[in-house]
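Peer 1: Predicted model and sequence below, questions to follow.
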Amino acid sequence: MLNPNLDDIQLTKDDYERYSRHLILPEVGVEGQKRLKAASVLCIGTGGLGSPLLLYLAAAGIGRLGIVDFDVVDSSNLQRQVIHSSSWVNKPKIESAKTRILELNPYCQVDLYETRLSSANALDIMESYDIVVDGTDNFPTRYLVNDACVLLNKPNVYGSIFRFEGQATVFNYQDGPNYRDLYPEPPPPGLVPSCAEGGVLGILPGIIGVIQATETLKIILGQGTTLSGRLLLFNALDMSFRELKLRPNPERPIIEKLVDYEEFCGIHQAKAEEAKQMAEIPEMTVRELKTLLDSPAKDYVLLDVRNPNEYEIAQIPGSVLVPLPDIENGDGIEKVRSLTNGHRLIVHCKLGGRSAKALGLLKQAGIEGTNVKGGIQAWSQEVDSSVPTY
């Protein structure tokens, strides 16, 4: 429970009208609404989780909201990032979010930090806020947010989503566990696909983001039992919730300073290894591929290693689908061998990363090939705009 000085906090006539449904709740009342008005909350990210979170916190009467983001609105965001609209595509997310928040509640102070959160700026940005809410989608930033909250003794309201599943909890609150108790070590880079690769049900972040907003209000109001010490798991397909208990690990390392979190998560090493692998694999541009496809030559096989549902969305003419997971488990290698049969092998995916990985595995099996730089997305942008992007 936060303990602000409420002596200087007054509710206006507009406040009484706007928050009347709060004020008649015994658990909120005038004092609780003053607590909300006095509170400051920092949201890291204005994506799927940050969108509903910010809207509901603003609507509830949080006096000051901080937003950290450096991205621009993309049309693919609009399926789930409901704080943004079509008119804001290609414009900064934080400006879009601020505009929508002030349309909803002009009495909310909105502070913007259009920057990537880093070890150099995290403590300075987070220090003046009561609560930090993590709406990020990558492991380095989650560890950074966690460690900064531990050093500053701030509650960290956590949520994450993937495909049809989400989780939420509260870290570093009332001597409860922090993120490193849930994940002592980060997973190997690339093991957990991003939403851009794995997909996400658009409604899912709304559910998890609203749970995060609920936990934030409960902490401010000092009401109810928070998720501290409990990891809430949600499955949208089953419409089921279950809980796992979380406890502080007495053997966890003491957090004394912020570190290089990309290094900690192995990102630098993974990028170096990927660059080395890419340097060893021949590449061709989509324009070179187009020239080849238009030529009379037939001594090649164009392999698509995306997932079947991606192949259904868009294809390069003449491509044959052998998904990367089939190559990884070995089932697809012999299929590729029989397809090539002495022909030149050309491989593509969405952006070029998965096809490079496939070629690395095929090379170990004695099958050489060429990677299409930029994948089908580059094909759509540079060769055939009628091919959908996703």
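Peer 2: Good, I have the coordinates. Residues are numbered from 1 along each chain as shown.
Peer 1: Show the average pLDDT along stretch 88-108.
Peer 2: Averaging pLDDT along stretch 88-108 yields 98.
Peer 1: Then stretch 264-277?
Peer 2: If you average the pLDDT values across stretch 264-277, you get 72.
Peer 1: Could you find the closest non-adjacent residue to residue 244?
Peer 2: Nearest-residue entry for residue 244: residue 231, 4.4 Å, with adjacent residues in sequence omitted and distances by Cβ to Cβ, 6 or more residues apart in numbering. (Glycine included, C-beta is placed from N, CA and C.)
Peer 1: on contacts alone, who are the packing partners of the helix or strand where that neighbour lies?
Peer 2: Per DSSP states H and E, residue 231 falls inside strand 230-235. Contacts defined by 3 or more Cβ pairs under 8 Å, 6 or more residues apart in numbering; DSSP states H and E place strand 230-235 against strand 165-171, helix 204-221, strand 240-245.
Peer 1: got the angle for the first one vs strand 230-235?
Peer 2: It refers to strand 165-171. 170 degrees (axes from the mean of the first three to the mean of the last three Cα atoms, to 10 degrees).
Peer 1: How about the last one?
Peer 2: Counting by the same axes, to 10 degrees, strand 240-245 points 150 degrees away from the direction of strand 230-235.
Peer 1: just to revisit the earlier point, who does the strand holding residue 231 pair up with?
Peer 2: Take DSSP bridges as the rule and strand 230-235 pairs in its sheet with strand 165-171 (antiparallel), strand 240-245 (antiparallel).
Peer 1: circling back: Throw the helices and strands packed on strand 230-235 into a markdown table and include distance to residue 26, mean pLDDT and mean neighbour count, thanks.
Peer 2: A markdown table is the format used below for the helices and strands packed on strand 230-235 (distance: least, Cβ to Cβ, whole Å; pLDDT from 0 to 100; neighbours: other Cβ atoms under 10 Å):
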| stretch | distance to residue 26 | mean pLDDT | mean neighbour count |
| --- | --- | --- | --- |
| strand 165-171 | 23 | 98 | 24 |
| helix 204-221 | 11 | 98 | 23 |
| strand 240-245 | 27 | 97 | 10 |
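Peer 1: Can you verify my assumption that residue 359 contacts residue 365?
Peer 2: No - between residue 359 and residue 365 there is no contact under Cβ atoms under 8 Å: 10.6 Å.
Peer 1: Compare these two and say which is more crowded by neighbours.
Peer 2: residue 359 (27 against 12; other Cβ atoms under 10 Å).
Peer 1: Spit out the contact partners of the residue nearest to the spatial centre of the chain.
Peer 2: Centroid-nearest residue in the chain: residue 137, 2.3 Å away (criterion: Cα atoms, centre = their mean). Each residue near residue 137 by Cβ atoms under 8 Å, 6 or more residues apart in numbering is listed here: 45, 47-48, 160-161, 194-195.
Peer 1: May I ask which two of these are separated the most?
Peer 2: 45 and 194 (13.6 Å; Cβ to Cβ).
Peer 1: Looking at these two now, which is surrounded by more residues?
Peer 2: Between residue 45 and residue 194, residue 45 has the larger neighbour count (other Cβ under 10 Å), namely 28 against 12.
Peer 1: circling back to that earlier point, could you redo the helices and strands packed on strand 230-235 as JSON lines and give each row distance to residue 300?
Peer 2: Listed next are the helices and strands packed on strand 230-235 as JSON lines, based on distance: least, Cβ to Cβ, whole Å:
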{"stretch": "strand 165-171", "distance to residue 300": "40"}
{"stretch": "helix 204-221", "distance to residue 300": "41"}
{"stretch": "strand 240-245", "distance to residue 300": "48"}
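Peer 1: With residue 146 as the reference, name the closest of these.
Peer 2: strand 165-171 (6.2 Å).
Peer 1: What angle do helix 204-221 and that closest one make with each other?
Peer 2: Using the same axes, to 10 degrees: strand 165-171 against helix 204-221 is 20 degrees.
Peer 1: how about low-confidence regions in this structure?
Peer 2: 1, 190-191, 268, 270, 272, 274-275, 277-279 (pLDDT under 70).
Peer 1: domain ranges for it?
Peer 2: Domain segmentation of the chain under automatic domain parsing yields 39-270, 281-382.
Peer 1: Can you give the distance from the last one to the centre of its chain?
Peer 2: Same thing as domain 281-382. 28 Å (Cα atoms, centre = their mean, to the nearest Å).
Peer 1: what's the first-to-last distance across that domain?
Peer 2: End-to-end distance for domain 281-382: 22 Å, by Cα to Cα, to the nearest Å.
Peer 1: again, but for stretch 310-320
Peer 2: 13 Å.
Peer 1: any chance you could map the helices in the stretch 101-250 of the chain?
Peer 2: With DSSP state H, counting those that start in this stretch as the criterion, the stretch 101-250 of the chain has helices at 122-126, 139-152, 179-182, 195-198, 204-221.
Peer 1: Tabulate those helices (a markdown table), appending distance to residue 290.
Peer 2: Below are the helices of the stretch 101-250 of the chain laid out as a markdown table (distance: least, Cβ to Cβ, whole Å):
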| stretch | distance to residue 290 |
| --- | --- |
| helix 122-126 | 45 |
| helix 139-152 | 37 |
| helix 179-182 | 47 |
| helix 195-198 | 25 |
| helix 204-221 | 38 |
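Peer 1: Any idea which of those gets closest to residue 27?
Peer 2: Of the helices of the stretch 101-250 of the chain, nearest to residue 27 by Cβ to Cβ is helix 204-221, at 6.7 Å.
Peer 1: on that earlier part again, switch the strands paired with strand 230-235 over to JSON lines; also include distance to residue 332.
Peer 2: What follows is these, written out as JSON lines (distance: least, Cβ to Cβ, whole Å):
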{"stretch": "strand 165-171", "distance to residue 332": "27"}
{"stretch": "strand 240-245", "distance to residue 332": "34"}
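Peer 1: Those strands: which one's closest to residue 177?
Peer 2: Comparing the strands paired with strand 230-235 by Cβ to Cβ, strand 165-171 comes nearest, at 6.5 Å.
Peer 1: Identify the residues contacting the closest one?
Peer 2: 146, 149, 155-160, 176-179, 182, 204-205, 207-208, 211-212, 215, 219, 226-228, 230-236, 246.
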